[in-house]
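K.L.:
build me a model:
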Amino acid sequence: MYELRRHGKKYKIYEEKTAQYIATFRDKDEAVNYLYKLNGGTGFKGETPVFFLNGEKNGIDFSKPPVDPESF
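P.N.:
Alright, predicted model coming up:
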């Protein structure tokens, strides 16, 4: 199971089984939408591998724009 937690102006999705944050959002509606998808069975079913988060202690920040591969 996953739960939504508010931290200041950000919304974080917490994965209960692994006791880690897996995602961060600035927009509450986007966070809730993602939360419903996760609790509906998408993702890793409550066991997101640590390596997938790439060292992000607050989860993947979905507020950031995607990186343009052409910029490398």
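K.L.:
quick test: name the residue nearest the centre of this structure.
P.N.:
Nearest to the centroid of the C-alpha atoms of the chain, with distances taken as CA atoms, centre = their mean, sits Ala23, at 1.5 Å.
K.L.:
is it true that that residue touches Lys37?
P.N.:
No - using CB atoms under 8 Å, Ala23 is not in contact with Lys37; the gap is 10.6 Å. To be clear about C-beta, it is placed using only N, CA and C from the backbone, and glycine gets the same treatment.
K.L.:
so where do the strands sit in this structure?
P.N.:
2-7, 10-15, 20-25, 60-61 (DSSP state E).
K.L.:
and Val50, which of these is closest to it?
P.N.:
Nearest to Val50 among those is strand 20-25; the distance by CB to CB comes to 7.4 Å.
K.L.:
could you give the angle of the closest one to strand 10-15?
P.N.:
If you take axes from the mean of the first three to the mean of the last three CA atoms, to 10 degrees, strand 20-25 sits at 150 degrees to strand 10-15.
K.L.:
and strand 20-25, which strands flank it?
P.N.:
Note on strand 20-25: by DSSP bridges, its sheet partners are strand 10-15 (antiparallel), strand 60-61 (parallel).
K.L.:
indicate which one of those strands is closest to Gly46.
P.N.:
Shortest separation from Gly46 across those is recorded for strand 10-15, at 6.1 Å, computed as CB to CB.
K.L.:
close enough to count as contact, Lys10 and Phe25?
P.N.:
Yes - the pair Lys10 and Phe25 qualifies as a contact (CB under 8 Å) at a distance of 6.8 Å.
K.L.:
who has more neighbours out of those two?
P.N.:
Between Lys10 and Phe25, counting by other CB atoms under 10 Å, Phe25 is the more crowded of the two (22 against 16).
K.L.:
residues contacting Leu4?
P.N.:
Tyr11, Lys12, Ile13, Tyr14, Ala31, Val32, Leu35 (CB atoms under 8 Å, 6 or more residues apart in numbering).
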